[in-house]
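Engineer: below: sequence and its predicted model.
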Amino acid sequence: MTTEDAAVAGDATDKKGQKNLPLGVVLTPTLFFVAFITIWELVVRIRDIQVLLLPAPSAIWAMFLEDFGLLVELAVNTGIEAGKGVLIGSLIAIGLAGLVHGISWLNQGLLSYSSTIKALPTVALYPIMTVFFGVTSKAVVAMVAVGVAPIMFTFASRGFSGTSEHDELMRSISANWRTRMTALVLPRSLPYVMAGLRTAVPLSIIISIISEYFGGSVSTLGAYIRRESTLLHTVQVWSAIVMACILGVLVFVAVSLLDRYFLRWHSSRREI
Amino acid sequence: MSGESQNFGLRATQLGKRFSSKGGDVQALENVDLEVKQGGFMSIIGPSGCGKSTLLRAFSDLVEPSTGEISVNGKLPSEARAAREFGVVFQSPNLLPWRTVLRNVTLPLQVMGVDRQSRNQTAQEMLDLVGLESFSRHHPWQLSGGMQQRVAIARALSTNPSVLLMDEPFGALDEITRDRLNLELMRIWGNLSATILFITHSITEAVFLSSQIAVMSSRPGRITELIDVNIPYPRNTETRDLPEFYELVIEVRRALLEASALTT
């Protein structure tokens, strides 16, 4: 079993755990969170820590509510950049995987490259992107696409490479190339594509924010965090971090819902 | 092809198949002569690895014979496949898990370019035939193994083929389910006029279903004996209690023992 296969089946065990321990899955993290925030608040108040250094959660929350409209706007812009990057990176990666599938030596060569690139800190390439695209949101989108493409290529390539008795079935009914692709190859690779997206989409938010931090379009989360931190507006920085966390959680939930919808036939997502 | 071969649903003449690999060549089939009349039911029985599946796969144009001639309804297997003259039922149900039962059955019709409405109608008729009319909207995983294999049979029948090639279709099922599906297959076959080639490991299954049984030996795969089953159709549960049935079971078992003695 490859890591890609494990990722495809990964949800099954998580879900079983949830079904057996619905209380523990909800209650324990909630208690943990409440305790953490309370201790933070108390430490800041008792030790009288300066706002510049570490603001209290209550202050961050107040600022979050005050700036909510602005923060939503920033998050939406960051989200759009990340989304465009995922879309472009995935389309290129899946298209490429589709083209080279069946050409074993080329596929293997590209696979070793994508595995290597996955391990590299691609965000470090961001200055190069700004050389190509300027300090614009295009550079951020390109950076996300570059970060996401190798992940999606590995998963899509794995998904396309599978053969099964279904291929013999397709031959026995004289299916043409188009039917083979739409009725067999694409649905068969879908669990792999979705597993890739579960990794790629949260990563795309991280890459966007870091890229923006190094210089992106002004009204984005990363650029805002950078600007406010140079002005020593620590509370504003923290409220933007809260928004970034919410954005990360939202996209993860969105991908999980898509996953469950598209793969409702898959063995690991059965609900009786 | 000559005119006389038109009478045969399936015909192999001096058929041979050699598989080449790094470990050395394997003669999977050697000098196989087989004739199944149109509308006949031929079972092939033999030890594991005797080449039964290879023979069926040669008829279904999934492997290319090395020597000899082979025909389906007097045509080359590739021509017969293009003309959709045969349906294949595989060892496993081989259903597409992302498609509903109905859409699995319509797949061959979709490939043929039949419009949606008439292919749904045909598929529903096929599901009626195999007794699964109320399961059309289910997904394969919601069905038992036996039901899944019935869907596979419905799919193979959907294009109304005159030849059905069945590769140990009930091999993975328990004996009770298998006996029931054998009865079912007899009922379905009675409503069609298809030629059937049926691969099996089970002696009783072969005797119950077939008009003729070919016994094979392994390495190289050859047909060692042809046994006629002269029990009249239609066959039903009582067929299994007939003295002729027992005699034939004993005869096939003897032939199988002799076939395996040839190789060991």
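Structural biologist: Yep, that arrived. All values derive from a computational prediction rather than experimental measurement.

Engineer: quick one, strands of the stretch 101-250 of chain A?
Structural biologist: For the stretch 101-250 of chain A, no strands are identified by DSSP state E, counting those that start in this stretch.

Engineer: all helices of it, in order?
Structural biologist: Taking DSSP state H, counting those that start in this stretch as the criterion, the stretch 101-250 of chain A contains helices spanning A:104-119, A:126-133, A:137-161, A:165-172, A:177-179, A:186-213, A:221-230, A:234-262.

Engineer: quick one: buried residues of the helix or strand in which A:M63 is found?
Structural biologist: For A:M63, the element it lies in under DSSP states H and E is helix A:57-66. Buried positions in helix A:57-66, judged by neighbour count with 16 or more other Cβ atoms under 10 Å in any protein chain shown: A:P57, A:A59, A:I60, A:W61, A:M63, A:F64. Quick note: C-beta positions are derived from backbone N, CA and C, even for glycine.

Engineer: same deal with stretch B:257-264?
Structural biologist: Applying 16+ other Cβ under 10 Å to stretch B:257-264 flags B:A259, B:S260 as buried.

Engineer: could you dump that stretch to CSV, C-alpha only?
Structural biologist: Below are the C-alpha coordinates for stretch B:257-264, written out as CSV (Å, rounded to 0.1, in the frame of the first residue of the first chain):
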residue,chain,number,x,y,z
LEU,B,257,-9.2,-38.1,-11.9
GLU,B,258,-7.9,-39.6,-15.2
ALA,B,259,-7.2,-36.1,-16.5
SER,B,260,-5.2,-35.2,-13.4
ALA,B,261,-3.3,-38.5,-13.5
LEU,B,262,-2.0,-37.5,-16.9
THR,B,263,-0.1,-34.6,-15.4
THR,B,264,1.1,-35.9,-12.1
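
Engineer: before we move on, the earlier item: which of the helices of the stretch 101-250 of chain A sits most buried?
Structural biologist: Among the helices of the stretch 101-250 of chain A, helix A:137-161 has the highest mean neighbour count (mean count of other Cβ atoms under 10 Å in any protein chain shown), at a mean of 25.

Engineer: so what does that one touch, helix or strand wise?
Structural biologist: Helix A:137-161 sits against helix A:3-20, helix A:68-100, helix A:104-119, helix A:126-133, helix A:186-213, with contacts defined as 3 or more Cβ pairs under 8 Å, 6 or more residues apart in numbering or on different chains; DSSP states H and E.

Engineer: what lies in contact with the third one?
Structural biologist: The reference is to helix A:104-119. With contacts defined as Cβ atoms under 8 Å, 6 or more residues apart in numbering or on different chains, helix A:104-119 is touched by A:A93, A:L96, A:A97, A:V100, A:H101, A:A149, A:P150, A:I151, A:F153, A:T154, A:S157, A:S161.

Engineer: just give me the closest of the residues you listed to B:A214.
Structural biologist: A:S161 (38.1 Å; Cβ to Cβ).

Engineer: residue contacts, that closest one?
Structural biologist: Here A:S161 is in contact with A:H101, A:N107 (Cβ under 8 Å, 6+ apart).

Engineer: what of B:T224?
Structural biologist: Listed by Cβ under 8 Å, 6+ apart, the contact partners of B:T224 are B:V215, B:M216, B:S217, B:A255, B:E258, B:A259, B:L262.

Engineer: confirm that the first one sits in a strand.
Structural biologist: Translated: B:V215. Yes - counting by DSSP: H, G, I helix; E, B strand; the rest coil, one finds B:V215 located in a strand.

Engineer: my read: it touches B:L257, true?
Structural biologist: No - judged on Cβ atoms under 8 Å, B:V215 makes no contact with B:L257 at a distance of 9.9 Å.

Engineer: surely A:S239 and A:I60 touch.
Structural biologist: Yes - with contact defined as Cβ under 8 Å, A:S239 counts as touching A:I60 (5.6 Å).

Engineer: and the pLDDT for residue 261?
Structural biologist: Just so you know, I chose chain A. Looking at A:Y261, its pLDDT reads 86.

Engineer: I was after chain B.
Structural biologist: pLDDT, B:A261: 77.

Engineer: likewise for A:N176?
Structural biologist: Looking at A:N176, its pLDDT stands at 88.

Engineer: over to A:V185?
Structural biologist: For A:V185, the predicted pLDDT is 87.

Engineer: burial of it, as a residue count?
Structural biologist: The local packing of A:V185 (other Cβ atoms under 10 Å in any protein chain shown) involves 19 other residues.

Engineer: state the distance from it to chain B.
Structural biologist: As judged by Cβ to the nearest Cβ, to the nearest Å, A:V185 and chain B stand 11 Å apart.

Engineer: gap between the closest residue to that residue other than its chain neighbours and A:F262?
Structural biologist: Excluding the flanking residues, the one nearest A:V185 by Cβ to Cβ, 6 or more residues apart in numbering or on different chains is A:F160, at 6.4 Å. Distance, A:F160 to A:F262, by Cβ to Cβ, to the nearest Å: 17 Å.

Engineer: next: B:E79.
Structural biologist: 39 Å.

Engineer: A:T182 too?
Structural biologist: 15 Å.

Engineer: got the domain ranges for chain B?
Structural biologist: Following automatic domain parsing, one gets these domains for chain B: B:3-85+B:163-263, B:95-160.

Engineer: quick one: is the last one near chain A?
Structural biologist: Going back to what we said before, that points to domain B:95-160. Yes - counting by Cβ under 8 Å from any Cβ of the partner chain, chain A has neighbours in domain B:95-160: B:L96, B:P97, B:W98, B:R99, B:L107, B:P108, B:Q110, B:V111, B:H139, B:W141, B:Q142, B:T159.

Engineer: the stretch 101-250 of chain B: helices as residue ranges?
Structural biologist: So, for the stretch 101-250 of chain B - with DSSP H, counting those that start in this stretch - the helices run B:101-112, B:116-129, B:145-157, B:175-191, B:203-209, B:243-263.

Engineer: tell me what the fifth one is packed against?
Structural biologist: I take that to be helix B:203-209. strand B:41-45, helix B:175-191, strand B:195-200, helix B:243-263.

Engineer: now distance to A:I173 too, for those, in CSV please.
Structural biologist: Listed next are those as CSV, based on distance: least, Cβ to Cβ, whole Å:
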stretch, distance to A:I173
strand B:41-45, 23
helix B:175-191, 19
strand B:195-200, 17
helix B:243-263, 33
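
Engineer: got the contact list for the residue in the stretch 101-250 of chain B that chain A sits nearest to?
Structural biologist: The stretch 101-250 of chain B approaches chain A most closely through B:P108 (4.3 Å), counting by Cβ to the nearest Cβ. Contacts for B:P108 (Cβ under 8 Å, 6+ apart) come out as A:I173, B:R84, B:G87, B:R155, B:A156, B:S158, B:T159.

Engineer: give me the pLDDT for it.
Structural biologist: 93.

Engineer: and for the one 3 residues further on?
Structural biologist: According to the predicted model, the pLDDT of B:V111 comes to 91.

Engineer: closest to the centroid, which residue in chain B?
Structural biologist: Most central in chain B under Cα atoms, centre = their mean is B:M166, positioned 2.0 Å from the mean C-alpha point.

Engineer: which one, of the helices of the stretch 101-250 of chain A, ends up nearest to B:L15?
Structural biologist: B:L15 lies closest, by Cβ to Cβ, to one member of the helices of the stretch 101-250 of chain A: helix A:165-172, at 19.1 Å.

Engineer: and chain B, which of its residues are near chain A?
Structural biologist: Contact residues (Cβ under 8 Å from any Cβ) of chain B with chain A: B:60-62, B:81-82, B:84, B:87-88, B:90, B:92, B:94, B:96-99, B:107-108, B:110-111, B:139, B:141-142, B:159.

Engineer: among those residues, which are in strands?
Structural biologist: Residues of those located in strands (DSSP state E): B:G87, B:V88.

Engineer: enumerate every residue touching the residue lying closest to B:L181 once chain neighbours are set aside.
Structural biologist: Closest residue in space to B:L181, ignoring its immediate chain neighbours: B:F170 at 5.4 Å, by Cβ to Cβ, 6+ apart. Residues counted as contacts of B:F170 (Cβ under 8 Å, 6+ apart) are B:Q149, B:T177, B:R178, B:L181, B:N182, B:T200, B:S202, B:E205.

Engineer: lovely, talk soon.
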